[in-house]
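Colleague: just need the structure, nothing else, for what follows:
(3 chains)
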Amino acid sequence: MVVIQSIDTARQIQESTQIPSEAVAIWWLGQASFVLKTTSTTILIDPFLNPMEGRVIPPPFTAEQCPPIDLILYTHEHIDHLDIPTLETLARHRSQPRVIAPSPIMDQLLKAGVQPEQLQGVQPDEEIITGTNKILPVPALHGLSFPPVTYSFGQEISDGQYRYLGYIVEMNGIRIYHPGDTLVFAGLVEKLQPLNIDLALLPINGRSYFREQQNLVGNMDEREAADLAAAAGFKAVIPTHYEMFAGNTGRPGFFVDYIRAHHPELTCYLPSHGRRLIYMK
Amino acid sequence: MVVIQSIDTARQIQESTQIPSEAVAIWWLGQASFVLKTTSTTILIDPFLNPMEGRVIPPPFTAEQCPPIDLILYTHEHIDHLDIPTLETLARHRSQPRVIAPSPIMDQLLKAGVQPEQLQGVQPDEEIITGTNKILPVPALHGLSFPPVTYSFGQEISDGQYRYLGYIVEMNGIRIYHPGDTLVFAGLVEKLQPLNIDLALLPINGRSYFREQQNLVGNMDEREAADLAAAAGFKAVIPTHYEMFAGNTGRPGFFVDYIRAHHPELTCYLPSHGRRLIYMK
Amino acid sequence: MVVIQSIDTARQIQESTQIPSEAVAIWWLGQASFVLKTTSTTILIDPFLNPMEGRVIPPPFTAEQCPPIDLILYTHEHIDHLDIPTLETLARHRSQPRVIAPSPIMDQLLKAGVQPEQLQGVQPDEEIITGTNKILPVPALHGLSFPPVTYSFGQEISDGQYRYLGYIVEMNGIRIYHPGDTLVFAGLVEKLQPLNIDLALLPINGRSYFREQQNLVGNMDEREAADLAAAAGFKAVIPTHYEMFAGNTGRPGFFVDYIRAHHPELTCYLPSHGRRLIYMK
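Modeller: Purely as a prediction, here's the structure:
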């Protein structure tokens, strides 16, 4: 297991009070897990803080050490996104975070201890405005958590509702796209392109028949992520979801080389885990 | 030739007046050429704006379009670093930039039209303080511009003076290391490590017997650049000097993969040419 | 440690009696260690069969299991090339192999138990003819086995003799170049090009300041090996010396990519350890 040199991330998140007024501070916690913070708001996406067996890289802090947060976004129910032990702790956090998740998985969150008044189930295009921030849910084409792997929006097991989501988070006028786990699908470019997204946090682990045989549902791969970014006009990208499990990795080097060769107008960030990154337009 | 979608970089540099007070705005102009800007100062390093034949990527703006600058730093005399046609224009720029260069090449700058009162020749460790900024020249181990390629500090053809330099630029308390063109050499880690460098702009094109036969003097390669960053404790890195000439490239993808495998505590930025990047600690 | 599924390599080498009369059978034993066999002769180069700590890949067979051999070639004295424990066993092998090595290291071989009548010290261009086979020693530019790392032919510590060698082995009219450990140096292309080499077994691990600080003497890298192959007109190449020690690897993927991009006329083989490869013109 790679040991990251001590960066006291939880404390840094809490004490980062000098974030510029037109910036978003970003911490990558590993896999698809991120903290986004402005001077007024701290958002946690898919917090995966459980030091479970099989992780290649430990979480930068535990659920108990989690700094105050205003809002948690969940994209879907898979264990590396909806980490129930972490949620059980965060649901009782003194900062009483609001929680947003796809409507069909609300029961799982309630069971983990989230209070009904904390929780909001959402569907695509149901924009949520909190203070100066906006959260726009978008569909994700992912897969059921039982075999055989099939790709869908999960509607067939969710009374017609979307079960897998991504989010476009607007903070300080900066639009950040967290797609959750998804393939690229018909209509996605068309949906995203008019939204003037600044920064996208894109999975690059791809899909593979052999992983699917192990019930590992796939994502866009390096090339698709880069081509999506270019087609939808994102200005910058952070590759994600490539380093946490030995049998389900992506290749950030190939992502970078492909971008330099085919889409050099894209800026690419590869933050280390737990170290602050400041994004401004 | 890759054509970067229009980012009006020169205008953006000039109009970037909202840089946070604890940040540095950075524009990569290609190869080893950078603009560093704070609320008070604009510094240009190795400006290579000549649209010369053989460039893979055109300059984001011409010398004539160059926004006002306070200071130009030159690391050494090679054509992709000391671009004489660009300097001939910049020397007459209305903003009357100050120019800093290794002492042994001052005559070349004067001949290009730099006025003696604009120009300051420097040697390693001669720290320059301008306003709240500090410039610390450091040695670079590079090579003579005529065959056969040999690596040295250039003292043997410079009356004992260092001919190849790098600079540590401190702006708003942020330390940025631009090594010029250099191999890693004995004593470099020891010199840099105590200086708490935040961000390094590191060449990754390496050296090769076959390039040296064409009189292409080499640099550290991807692995050496990443190992240097880790050994000297840099917090973030931007790979440079890998994309401008077809016969002299580096492999940013390997740089990234090697960092993720061996030094995951390092954050890596790969800015596109001409697009603003904000760096804060 | 990667465990290669059982290929009974030692038995396969011994029983490979149906090698076509115009072919050479080749087994890669890992690092720079090879078996070359024709219907009449078995040659072992730099046999590294010691299951020493730090190996990433175990030897395909032990020195005790080694099949009958006619000739062992040593390129130089470094531990992964002149493996003394292996030699101590092979020197007493029932097949009474002849041993060829650089003259300056003969004392080390005698001390390991090689009988004087078995042993022949050689220098560059002293061609040896055994049956229908020819062995041509060529210089290698490598380094002293003690700090600081400097690159030379070793003459300064060998009474003016070459201490590091490669060999061109001609069997059945096929010329195979094993360079030992070497950088590319002035005159090498010119020496090799007229010799119409068919297949080269080229190290690709490169050199690095940080490895050199640990007294790991470097070699040509991926790019130099590929450019050497093209410049000298080799028809096919096998990359070597990239997989045995975690801190001293090369990147076969980049070697392959570089060849496809720049020298697509070259055929590249990447044999697994211990599995037979048949080379015919």
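Colleague: strands of the stretch 51-200 of chain A, residue ranges please.
Modeller: For the stretch 51-200 of chain A, strands defined by DSSP state E, counting those that start in this stretch occupy the ranges A:71-73, A:98-102, A:119-122, A:128-130, A:133-139, A:142-143, A:151-152, A:165-171, A:174-178, A:199-203.
Colleague: export the ones you listed as a markdown table, with columns for mean neighbour count and mean pLDDT.
Modeller: Backbone N, C-alpha and C define where each C-beta goes, glycine included. Below are these laid out as a markdown table (neighbours: other C-beta atoms under 10 Å in any protein chain shown; pLDDT from 0 to 100):
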| stretch | mean neighbour count | mean pLDDT |
| --- | --- | --- |
| strand A:71-73 | 24 | 98 |
| strand A:98-102 | 24 | 98 |
| strand A:119-122 | 18 | 98 |
| strand A:128-130 | 14 | 95 |
| strand A:133-139 | 20 | 98 |
| strand A:142-143 | 28 | 91 |
| strand A:151-152 | 16 | 95 |
| strand A:165-171 | 24 | 98 |
| strand A:174-178 | 23 | 98 |
| strand A:199-203 | 26 | 98 |
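Colleague: make JSON lines out of those and add distance to residue C:116.
Modeller: Converted to JSON lines, the strands of the stretch 51-200 of chain A look like this (distance: least, C-beta to C-beta, whole Å):
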{"stretch": "strand A:71-73", "distance to residue C:116": "78"}
{"stretch": "strand A:98-102", "distance to residue C:116": "81"}
{"stretch": "strand A:119-122", "distance to residue C:116": "85"}
{"stretch": "strand A:128-130", "distance to residue C:116": "87"}
{"stretch": "strand A:133-139", "distance to residue C:116": "80"}
{"stretch": "strand A:142-143", "distance to residue C:116": "71"}
{"stretch": "strand A:151-152", "distance to residue C:116": "72"}
{"stretch": "strand A:165-171", "distance to residue C:116": "76"}
{"stretch": "strand A:174-178", "distance to residue C:116": "73"}
{"stretch": "strand A:199-203", "distance to residue C:116": "66"}
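Colleague: now tabulate those in CSV and tack on distance to chain C.
Modeller: Formatted as CSV, the strands of the stretch 51-200 of chain A follow (distance: least, C-beta to the nearest C-beta, whole Å):
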stretch, distance to chain C
strand A:71-73, 37
strand A:98-102, 39
strand A:119-122, 43
strand A:128-130, 45
strand A:133-139, 35
strand A:142-143, 30
strand A:151-152, 29
strand A:165-171, 32
strand A:174-178, 31
strand A:199-203, 22
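Colleague: so for residue C:261, which of those sits nearest?
Modeller: strand A:199-203 (26.5 Å; C-beta to C-beta).
Colleague: now the element after the closest one, going C-ward?
Modeller: Once the chain leaves strand A:199-203, the next helix or strand it forms, by DSSP states H and E, is helix A:209-213.
Colleague: and that next one, what does it pack against?
Modeller: Using 3 or more C-beta pairs under 8 Å, 6 or more residues apart in numbering or on different chains; DSSP states H and E, no helix or strand is in contact with helix A:209-213.
Colleague: which parts of that helix are buried?
Modeller: By 16 or more other C-beta atoms under 10 Å in any protein chain shown, the buried positions in helix A:209-213 come out as A:211-212.
Colleague: next one: the residue of the stretch 1-150 of chain A found nearest chain B from chain C, what distance?
Modeller: Closest residue of the stretch 1-150 of chain A to chain B, C-beta to the nearest C-beta: residue A:20 (3.5 Å). Going from residue A:20 to chain C by C-beta to the nearest C-beta, to the nearest Å gives 37 Å.
Colleague: do you know the pLDDT at that residue?
Modeller: Residue A:20 is assigned 88 on the pLDDT scale.
Colleague: how close does it get to residue C:24?
Modeller: Taking C-beta to C-beta, to the nearest Å as the measure, residue A:20 falls 67 Å from residue C:24.
Colleague: ok, the two, which is more surrounded?
Modeller: residue C:24 (26 against 20; other C-beta atoms under 10 Å in any protein chain shown).
Colleague: may I have the beta-bridge partners of that one?
Modeller: residue C:279 (DSSP bridges).
Colleague: now residue A:253: which helix or strand?
Modeller: Using DSSP H and E, residue A:253 falls in helix A:252-262.
Colleague: can you tell me which helices and strands that helix packs against?
Modeller: helix A:222-232, strand A:236-240, strand A:267-270, helix B:252-262, strand B:267-270.
Colleague: just name the most buried of these.
Modeller: strand A:236-240 (a mean of 25; mean count of other C-beta atoms under 10 Å in any protein chain shown).
Colleague: contacting residues around the residue of chain A found nearest chain C?
Modeller: Across chain A, the shortest distance to chain C (C-beta to the nearest C-beta) belongs to residue A:257, at 9.3 Å. With contact taken as C-beta atoms under 8 Å, 6 or more residues apart in numbering or on different chains, residue A:257 is in contact with B:251-253.
Colleague: need these in TSV with pLDDT, can you?
Modeller: TSV is the format used below for the contacts of residue A:257 (pLDDT from 0 to 100):
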residue	pLDDT
B:251	95
B:252	97
B:253	96
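Colleague: would you confirm that residue A:55 contacts residue A:245?
Modeller: Yes. With contact defined as C-beta atoms under 8 Å, residue A:55 reaches residue A:245; the gap is 7.3 Å.
Colleague: okay, and the common contacts of these two?
Modeller: Counting by C-beta under 8 Å, 6+ apart, nothing touches both residue A:55 and residue A:245.
Colleague: from memory residue A:178 sits against residue A:166, does it?
Modeller: Yes. With contacts counted by C-beta under 8 Å, residue A:178 reaches residue A:166, the gap being 5.8 Å.
Colleague: which neighbours do those two have in common?
Modeller: Going by C-beta under 8 Å, 6+ apart, residues that sit against residue A:178 and also against residue A:166 are residue A:75.
Colleague: how near is residue A:52 to residue A:80?
Modeller: Where residue A:80 is concerned, residue A:52 sits at a distance of 9 Å (C-beta to C-beta).
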